[in-house]
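Student: my questions are about this predicted structure, shown below with the sequence.
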Amino acid sequence: MQLRYAWRLIPLEMSKQSLNYTLVLAILLAGTWSARADGPATRPADSGRVEKLIAGLGAEGWRERQAAEDELAAMGMAIRPALAETLGRTADAEARTRIESILRQLSERAATGPTMVTLRLKGASPRQAFEEFFRQSGSSLRVVPDNLWDSRAFPPVDVEIDAQPYWAALRSLCKAYDVQVQNVGDRDLTIVDRGSQYRLFGKAPWVAHGPFMVIAQSVSRSQWADLNMNQNAGNHYCALQLVVLAEPKMRVLQGSYLARLEEAVDENGTSLLVANAQQAEGVQRLTGLCWNLQATLKLGDPLGERIARVRGMGRYWIQTRSEKTEIANLAEAKDRPQQVGGRSFVVKELKKQGEMWQIRLSFSRATWGNADMGALQDPNGSTVRLMDVDGRAMVRIPGVSTSFTQDNMMEMVFSFGRQAAAGMEKVADPAKLMVEIPTEMKEMTVPFEFTDLPMP
C-alpha cells in the first residue's frame, strides 16, 4: 500500500485479563485515499525537517514561504502539536497566518479524509481488538447483542493491520473473528455474529475512496415496451444497486441516489449507457452512515452476460463546521430558552423509560429550517447527544417522535440507551445535553469502478 502522508507509530505495552500482547497504534486523519491510488510511499516526519520548515514560514521569499507551508500541510496530523506550540509563541505575523492556514487544512482533512489504522495484536480476543480499533478511529459501532463477545468461544487471534483506511481495517477485523457489520433499523450499523441474514461484508466487490466505501450489492434485469412507440418494444434494462457507506465520524447531510455513469460496457464491448440520459444524480437529504446508489444500464443487442466494466460516481455534501452548545445541568435547564447558532430551543422533559432515556426538546420553527430539522433527526450523528456527568455519550436510538404546537413550535422526543460500544463500560444516568448544527459543508465526489459483474 502506498500512501502520501507522513505518520508515526506509537508503541504501547498492554496487559489485560491475563493476556499479554503488544499493540502498535497509528492514527492518521488526512488527505484522500483510494484503494487503487498510486503514489510515493512516505516516512514518518523528521523533527529536524519539521523545525526547518516551520522556520521557513517566515522566510524572506514568497516562494520559500509557500513551499514550506505546502510541505508542512502534506505531513498530516503528526505535526499539529509542533505547529500549535509555534503559534503560541511566535510574533511573526506572516508565520502565524500560514500556521493558522495549515491547521485549518489539517482540521478539514481530519473531518473529511480517511482514518488510517495500524494494529498489531498478539493473541487478542474480539473485545480487545474492537475496543482498540474503535479507540483509534474515535468512533464506535454498536455490538448486538450486548453479550456477543461472550456468546461463543472466540479463539484468540493475531491481528496484523498495517496502515489501512477505516473500512479496509474493519473488514479485516470482521474476517479475523468471523463477525459481520449489519445495516438495520434507520440505517444503523451494528457488529453482529456470523449468522446474520443481511451482511454488508459478504462476497460482493467493493472499493474504498477516502472515508467512503462503495459496495456493488446486486444486479437486476427488466424488460419493458412503450406502447405509444413501437420502435421501443423489447427494451432490456439492467439496474446496478450500490451501497455507499461513510465512516462514523462523518456527517453526511445530502447526496446522490442516482449514480452518474462515465463508462459501462459488456463483455462484447457494447456500451450499456442509456442514450440521451440526463446525468443528474437526484440529490436527497441523508441521515445515518449507509445509503443506496443506483445505476441504470441499457443492455445491448445481442444481450451480454456480464458487465465488463462500469465506472461512475456519486456526490455527497459533508459537514465541515458546526456550532454547538452544551447544557451542563439538565435539571436546572428545564423550560429555560437555550441558543445554538442563533437558533432557540427549550428542554421540556427528561424521563426514564425502562432501560431507555427520553428527552423532549421544543424548537422555534421561526429560527430552525427544514435542513436543520433534518440534521437533528440523524440517529448516527452527534446533533443531539445525551451524556453522563463524566461526558460519556449515550447511544442514540433511531427514530424521533415529532409534534407541533399552536405557538409555532416543534417538539421532538429523542431516545437514548446506555449500551456502550464493544463491551466497554456503560454510561451512567444522563446529566448533560449537547446540541449541534452544521454551519459549513463541503461537496465530495465518490468515484467507483467495478469489473466483470454477472448479469441475471
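Tutor: It's in.
Student: what's across from residue 313 in the sheet?
Tutor: Taking DSSP bridges, one obtains residue 260, residue 447 as the residues bridged to residue 313.
Student: what distance do you get for it to residue 116?
Tutor: 23 Å (C-beta to C-beta, to the nearest Å). Heads up, the C-betas are built off the backbone N, CA and C, glycines and all.
Student: okay, these two: which has more neighbours?
Tutor: Between residue 313 and residue 116, counting by other C-beta atoms under 10 Å, residue 116 is the more crowded of the two (27 against 19).
Student: buried residues in the host helix or strand of that one?
Tutor: Element membership for residue 116 (DSSP states H and E) is strand 115-124. Buried residues in strand 115-124, counted by 16 or more other C-beta atoms under 10 Å: 115, 116, 117, 118, 119, 120, 121, 124.
Student: quick check: buried residues in stretch 132-143?
Tutor: Burial within stretch 132-143, assessed by neighbour count using 16+ other C-beta under 10 Å, is assigned to 132, 133, 134, 136, 137, 139, 140, 141, 142, 143.
Student: among the residues you listed, which are in helices?
Tutor: Using DSSP state H, the members of those that fall in helices are 132, 133, 134, 136, 137.
Student: from those residues, which is closest to residue 439?
Tutor: Nearest to residue 439 among these, counting by C-beta to C-beta, is residue 137 at 24.6 Å.
Student: show me what contacts that closest one?
Tutor: 27, 115, 117, 166, 247, 248, 249 (C-beta atoms under 8 Å, 6 or more residues apart in numbering).
Student: going by neighbour count, which of these comes out on top?
Tutor: Taking other C-beta under 10 Å as the neighbour criterion, residue 166 ranks highest of the contacts of residue 137 with 28 neighbours.
Student: now do that residue against residue 316, distance only.
Tutor: 16 Å.
Student: for the stretch 301-450 of the chain, which spans come out with low pLDDT?
Tutor: Scanning the stretch 301-450 of the chain for pLDDT under 70 picks out 378-382, 419-426.
Student: the strands in it, which residues?
Tutor: With DSSP state E, counting those that start in this stretch as the definition, the stretch 301-450 of the chain shows strands at residue ranges 306-327, 337-340, 343-353, 356-364, 384-387, 395-404, 409-417, 432-454.
Student: now distance to residue 54 too, for those, in a markdown table please.
Tutor: Compiled in a markdown table, the strands of the stretch 301-450 of the chain are given as follows (distance: least, C-beta to C-beta, whole Å):
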| stretch | distance to residue 54 |
| --- | --- |
| strand 306-327 | 25 |
| strand 337-340 | 36 |
| strand 343-353 | 40 |
| strand 356-364 | 45 |
| strand 384-387 | 36 |
| strand 395-404 | 41 |
| strand 409-417 | 44 |
| strand 432-454 | 27 |
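Student: most tightly packed of those?
Tutor: Of all the strands of the stretch 301-450 of the chain, strand 384-387 has the most neighbours on average by mean count of other C-beta atoms under 10 Å, namely a mean of 22.
Student: by contact count, what packs against that strand?
Tutor: strand 356-364, strand 409-417, strand 432-454 (3 or more C-beta pairs under 8 Å, 6 or more residues apart in numbering; DSSP states H and E).
Student: now it - C-alpha only, PDB.
Tutor: C-alpha atoms of strand 384-387 as PDB (Å, rounded to 0.1, in the frame of the first residue of the first chain):
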ATOM      1  CA  VAL A 384     -28.300  15.800  19.800                       C
ATOM      2  CA  ARG A 385     -26.200  14.000  22.400                       C
ATOM      3  CA  LEU A 386     -27.100  12.900  25.900                       C
ATOM      4  CA  MET A 387     -24.200  12.400  28.200                       C
END
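Student: what residues sit buried inside stretch 150-168?
Tutor: 154, 157, 159, 161, 163, 164, 165, 166, 167, 168.
Student: show the average pLDDT along it.
Tutor: The average pLDDT within stretch 150-168 is 91.
Student: repeat that for stretch 105-125.
Tutor: Across stretch 105-125, pLDDT averages out at 84.
Student: what's the end-to-end length of that stretch?
Tutor: Using C-alpha to C-alpha, to the nearest Å, one end of stretch 105-125 lies 37 Å from the other.
Student: that one: how far from the chain's middle?
Tutor: Put simply, stretch 105-125 sits 12 Å off its chain's centre (C-alpha atoms, centre = their mean, to the nearest Å).
Student: same check on stretch 117-131?
Tutor: So, by C-alpha atoms, centre = their mean, the centroid of stretch 117-131 is 21 Å from its chain's centroid.
Student: could you work out the end-to-end span of it for me?
Tutor: End-to-end distance for stretch 117-131, by C-alpha to C-alpha: 13 Å.
Student: what does stretch 368-385 give?
Tutor: End to end - C-alpha to C-alpha - stretch 368-385 spans 18 Å.
Student: beta partners for the nearest residue to residue 325 once chain neighbours are set aside?
Tutor: Closest residue in space to residue 325, ignoring its immediate chain neighbours: residue 340 at 4.2 Å, by C-beta to C-beta, 6 or more residues apart in numbering. Counting by DSSP bridges, residue 340 forms beta bridges with residue 343.
Student: who are the contact partners of residue 167?
Tutor: Shown in contact with residue 167 (C-beta under 8 Å, 6+ apart): 206, 208, 212, 213, 245, 247.
Student: can you say which of those residues are buried?
Tutor: With neighbours counted using 16+ other C-beta under 10 Å, these contain these buried positions: 206, 208, 212, 213, 245, 247.
Student: mind listing what the fifth one touches?
Tutor: Contacts of residue 245 were listed using C-beta under 8 Å, 6+ apart, and they are 167, 189, 200, 212, 213, 214, 215, 289, 290.
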